[in-house]
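Visitor: Pasting the sequence and the predicted coordinates here, then a few questions.
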Amino acid sequence: MTLVELKIVFLGTSGAIPTYERGLSSIVIARGDEIIIFDAGEGMQIKFLRSKLGINKKMKIFITHIHGDHCLGLLGLLQTLSLMGRTKPIEIFGEPRLQEFILINQKILNFNVNYQITIHTIQKEGLLVEEKDYLVKACLADHSILAFSFILEENRRPGIFNLERAHKSGIPEGQLYSLLQHGFDIEYKGTKISAREFTGPSRAGRKIGISGDTRPSKKLEIFFKGCDVLVFESTFTTQERKKAIERFHSTALEASSLAKIAKVKKLILTHFSSRYTNLKLIETEAKINFENILIAHDLDVINVPYPEKELTK
Ligand SMILES: [Zn+2]
């Protein structure tokens, strides 16, 4: 069974205004040979290049909402990728006005890219992408404008292959083993052999949640249920909770409460207000009711192994 490497790379962890240490929102899921970008705040292309994620890999870009700090970097990224020789197409997903934003700017700035861009308009919640081995789904967030949260969910994988039993059965190693390992029944010496005899129960894939900007909500508790990793916005501390409510953002404590209710395995906080130079209080408050928390910093790379293994940084 091929193992697919999955890592989350933070290209920008600040909300609204960048700081010397933190750029504007952008998170990448680098999965196997594919790059999946969530939001493209202004200047994210610099950290994209620094992270050496690769300019010509299969790529999808999801924009949670069209506030400037989440989408102004998109045009620069598209242009740079073209100038650096990208040829593979890019698929972009966002609310209806995103298409307008891209096309109008392309016209005004008169820039063309030498690869194909397909813009998918998100009309409603639910399934957006169905790849061979994973899905991407959208859910309405609770923000001041139309905004979406996303999950990337891998398909279940075949169970563990019982090598000892396969050896004892006399089936020759090679292609037949491979078929059984991948859950296919085979025929050997005229007898039908079920893959189930040689593999254990199927195993879960990974489920990663990306909140974008939002208040915590019942809907998101359900949407993010059981995530292996949930990346959630944590703009404010509890002291600024009033501001969080007014501006449709979350506090660290609210983010961790949601993570606890949703029974996520690991919570990573991001999108911090520029007022915080030190994120210690954010971390302390979040840890009041949920232990397994990481504070994201720009250029952090978080490896996400399959659920049966521990998460490593
Ligand atoms: Zn916003």
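Guide: Nice, I can see it.
Visitor: isn't Gln181 right next to Gly174, touching?
Guide: No: here Gln181 lies out of contact with Gly174, judged by C-beta atoms under 8 Å, at a distance of 11.1 Å. C-betas here are computed from N, CA, C, even on glycine.
Visitor: which one of those two has more residues nearby?
Guide: More neighbours surround Gln181 than the other of Gln181 and Gly174, with 19 against 8 (other C-beta atoms under 10 Å).
Visitor: Name the nearest residue to that one, ignoring sequence neighbours.
Guide: Nearest residue to Gln181, sequence neighbours excluded (C-beta to C-beta, 6 or more residues apart in numbering): Phe161, at 4.5 Å.
Visitor: same thing with Ile160?
Guide: Nearest non-adjacent residue to Ile160, counting by C-beta to C-beta, 6+ apart: Gly200, 4.5 Å away.
Visitor: do the same with Ile46
Guide: That would be Gly23: by C-beta to C-beta, 6+ apart, it lies 7.5 Å from Ile46.
Visitor: Tell me the pLDDT of whichever residue of the stretch 1-150 of the chain sits closest to the ion.
Guide: Nearest to the ion, among the residues of the stretch 1-150 of the chain, is His67, at 3.5 Å (C-beta to the ion). Predicted confidence (pLDDT) for His67: 96.
Visitor: who's in contact with it?
Guide: The contact partners of His67, taken as C-beta atoms under 8 Å, 6 or more residues apart in numbering, are 145, 213.
Visitor: Quick check: it vs Ile108, distance?
Guide: Separation of His67 from Ile108 (C-beta to C-beta, to the nearest Å): 20 Å.
Visitor: do Glu173 as well
Guide: Taking C-beta to C-beta, one finds Glu173 at 62 Å from Ile108.
Visitor: same thing with Ile29?
Guide: When Ile29 is compared with Ile108 (using C-beta to C-beta), they lie 31 Å apart.
Visitor: quick one, which of the two is more surrounded?
Guide: Legend: neighbour count by other C-beta under 10 Å for Ile29 and Ile108, higher for Ile29 (25 against 8).
Visitor: Please save the CA atoms from stretch 150-170 in CSV.
Guide: Provided in CSV are the C-alpha atoms of stretch 150-170 (Å, rounded to 0.1, in the frame of the first residue of the first chain):
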residue,chain,number,x,y,z
PHE,A,150,-13.2,23.4,4.2
ILE,A,151,-12.3,19.9,5.0
LEU,A,152,-10.0,17.6,3.0
GLU,A,153,-10.9,14.0,3.8
GLU,A,154,-9.0,11.0,2.5
ASN,A,155,-10.8,7.8,1.5
ARG,A,156,-10.5,4.8,3.7
ARG,A,157,-7.5,2.6,3.0
PRO,A,158,-7.4,-1.2,2.8
GLY,A,159,-6.5,-3.1,6.0
ILE,A,160,-3.1,-4.4,7.0
PHE,A,161,-1.9,-7.2,4.7
ASN,A,162,-1.3,-10.5,6.5
LEU,A,163,2.0,-11.5,4.9
GLU,A,164,2.4,-14.7,7.0
ARG,A,165,-0.9,-16.0,5.9
ALA,A,166,-0.2,-15.1,2.3
HIS,A,167,3.2,-17.0,2.5
LYS,A,168,1.5,-20.0,3.9
SER,A,169,-1.2,-20.1,1.2
GLY,A,170,1.5,-20.7,-1.4
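Visitor: In it, which residues are buried?
Guide: Buried positions in stretch 150-170, judged by neighbour count with 16 or more other C-beta atoms under 10 Å: 150-154, 157-159, 161-162, 166.
Visitor: How about the residues of the stretch 201-313 of the chain by the ion?
Guide: Asp213 (C-beta under 5 Å from the ion).
Visitor: those helices in the stretch 201-313 of the chain, which residues are they?
Guide: 218-223, 241-246, 252-261, 280-286 (DSSP state H, counting those that start in this stretch).
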